[in-house]
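Enquirer: Structure of the sequence below:
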Amino acid sequence: MLQLLLVLSTLLLSPSEDYFQTIYKAEDCLLSFNYQGAVKNYETAFALEGAPFLKDVHNALICAIRCKDNPKIELFVTYMSKFNIAKEYLDQPVFTDSLKNEPVWVFMKETLYKEKKTTSELYTKLDSLYVLDQDIREQCKQIATNYYSVCNDTILYIDSINLIALTAVIDKFGFPGDDVYSNYLPGNLPEFLWIIGHNKTQIRQIIAPQLEAAVTNLSFHPQLFSFIWGGNNDVYQYQEFGLGYSILLDNELYVFNLTDQKFKDKININRKKFLLDDLDTYNEKIKFQYFNPEFKLLYSILFFSIDGFDQETKEMLATKWKDALVTSYSVR
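Expert: So this is what the prediction gives:
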């Protein structure tokens with residue numbers, strides 16, 4: 001009876017739930033350096049939904065390389081060929097040190113760059129909106145160093161217009177997936193998302209339904225959703241999804257333990273609703289990626305860094321946070 005219930009519960013999963021559950025199994029294997037187990041789960045996930053996110057394919061490819069499994073390397077490179085990969089992607093040591101003299105290296109280069117991919121109309125429109133987003137800021141920088149104090153109203157006005165234009169583009173073309181972006185690298189924040197991020201007070205009112213639908217449709221990664229949505233918080237602490245419990249200070253990682261179990265449970269309910277893993281696992285992935293940067297379990301934007309403090313303040317914070325300093329990664 002129990003086995004039947006488990007089968008029925010699996011059948012009731014949505015495609016996005018099924019995909020992420022399998023990806024998280026692969027990432028759990030990675031956290032214990034079980035590369036073969038990770039490869040198996042990545043292959044299963046991609047067979048389900050066709051590898052919607054570049055960072056997942058990237059992680060799968062590295063695992064296959066660590067296993068020296070050339071057939072799986074070729075399989076994951078084939079999945080990766082649908083993305084418009086930046087030329088510098090193959091310059092990473094994880095590839096050049098392991099594969100440069102191997103026949104599979106030739107296959108990788110020929111498959112990823114065999115023909116120039118055309119730039120889609122959707123990407124062109126997204127890029128144009130991002131240029132407008134940045135242009136107003138660049139122009140204001142020419143007026144004053146603290147340009148927001150001078151141009152705040154103008155920037156807010158342009159940002160609002162850009163957001164309305166973006167929602168119209170998404171209505172027409174659909175939410176852009178990773179395969180839309182040009183010269184893309186795994187783990188990077190797509191530039192057009194700053195248009196949304198610069199409209200914190202309007203996210204819930206204007207674009208929330210499109211963002212939520214995109215997560216469900218596997219066009220938008222839930223990690224990026226948590227970053228964009230969390231930025232709507234006035235104090236910018238990202239507490240709704242628990243993103244405020246790790247920080248980089250002078251390139252050292254601090255991860256803070258949340259001891260309030262009721263609050264942690266509330267955070268985990270929010271995370272589960274949008275297909276995210278639980279907070280403790282998320283923090284383990286932060287630690288893993290910090291010491292294994294060749295992997296992209298998390299988008300780089302989620303590694304929050306404190307900048308702009310003088311040395312005395314940095315030393316004061318380092319002393320205050322010394323118990324949260326992460327000095328090594330160990331398997332759970």
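
Enquirer: hey, let's count contacts and neighbours off CA atoms from now on
Expert: Fine.

Enquirer: For Glu74, give me its contacts.
Expert: By CA atoms under 8 Å, 6 or more residues apart in numbering, the residues touching Glu74 are Val104, Phe107, Met108.

Enquirer: To clarify, my last question referred to Phe175.
Expert: Phe175 neighbours (CA under 8 Å, 6+ apart): Gln210, Ala214, Ser219, Phe220.

Enquirer: Distance to Asn257 and neighbour count added to these, as JSON lines?
Expert: Below are the contacts of Phe175 laid out as JSON lines (distance: CA to CA, whole Å; neighbours: other CA atoms under 10 Å):
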{"residue": "Gln210", "distance to Asn257": "33", "neighbour count": "16"}
{"residue": "Ala214", "distance to Asn257": "31", "neighbour count": "19"}
{"residue": "Ser219", "distance to Asn257": "32", "neighbour count": "20"}
{"residue": "Phe220", "distance to Asn257": "28", "neighbour count": "21"}
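
Enquirer: can you count the residues close to the residue lying closest to Gly197 once chain neighbours are set aside?
Expert: Spatially, and ignoring its direct neighbours in sequence, Gly197 is nearest to Ile228 (5.8 Å; CA to CA, 6 or more residues apart in numbering). Neighbour count of Ile228, defined by other CA atoms under 10 Å: 21.

Enquirer: phi, psi of Lys322?
Expert: phi -60, psi -30 (degrees, to the nearest 10).

Enquirer: show me where this structure has strands.
Expert: 246-249, 252-255, 305-306 (DSSP state E).

Enquirer: Within its sheet, name the partner strands of the first one and how each one runs.
Expert: To tie it back to what came earlier, the one meant is strand 246-249. The pairing partners recorded for strand 246-249 under DSSP bridges are strand 252-255 (antiparallel), strand 305-306 (parallel).

Enquirer: Point out the most buried one among those.
Expert: For those, average neighbour numbers computed from mean count of other CA atoms under 10 Å are highest in strand 252-255, which has a mean of 18.

Enquirer: which outside residues touch it?
Expert: By CA under 8 Å, 6+ apart, strand 252-255 touches Tyr245, Ser246, Ile247, Leu248, Asn283, Lys287, Tyr290, Trp321, Ala324, Leu325, Val326, Thr327.

Enquirer: pLDDT averaged over that strand, what's the number?
Expert: The predicted model gives strand 252-255 an average pLDDT of 96.

Enquirer: among the contacts of Glu74, who's most crowded?
Expert: Ranked by neighbours (other CA under 10 Å), these are led by Met108, which has 21 neighbours.

Enquirer: That residue and Tyr79, how far apart?
Expert: To Tyr79, Met108 is 11 Å away according to CA to CA, to the nearest Å.

Enquirer: what does Thr281 give?
Expert: Thr281 is 27 Å from Tyr79, by CA to CA.

Enquirer: Those two: which has the busier surroundings?
Expert: Per other CA under 10 Å, whichever of Thr281 and Tyr79 has more neighbours is Tyr79, with 19 against 15.

Enquirer: show me what contacts that one?
Expert: Taking CA under 8 Å, 6+ apart, one finds Gly50, Ala51, Val57 in contact with Tyr79.

Enquirer: Sort out which of these are buried, if you could.
Expert: Ala51, Val57 (16 or more other CA atoms under 10 Å).

Enquirer: what residues are up against the closest residue to Ala38 other than its chain neighbours?
Expert: Setting aside the residues directly before and after it, Ala38 is nearest to Ala26 in space (CA to CA, 6+ apart), at 4.1 Å. Neighbour list for Ala26: Gly37, Ala38, Val39, Lys40, Asn41, Tyr42 [criterion: CA under 8 Å, 6+ apart].

Enquirer: Output those residues in JSON lines, with neighbour count appended to each entry.
Expert: Formatted as JSON lines, the contacts of Ala26 follow (neighbours: other CA atoms under 10 Å):
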{"residue": "Gly37", "neighbour count": "17"}
{"residue": "Ala38", "neighbour count": "26"}
{"residue": "Val39", "neighbour count": "27"}
{"residue": "Lys40", "neighbour count": "18"}
{"residue": "Asn41", "neighbour count": "22"}
{"residue": "Tyr42", "neighbour count": "27"}
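
Enquirer: if we can go back for a sec, and the strands of the chain: which comes nearest Leu129?
Expert: strand 305-306 (27.0 Å; CA to CA).

Enquirer: Could you check how far the closest one is from the centre of its chain?
Expert: Centre-to-centre, strand 305-306 and its host chain are 18 Å apart (CA atoms, centre = their mean, to the nearest Å).
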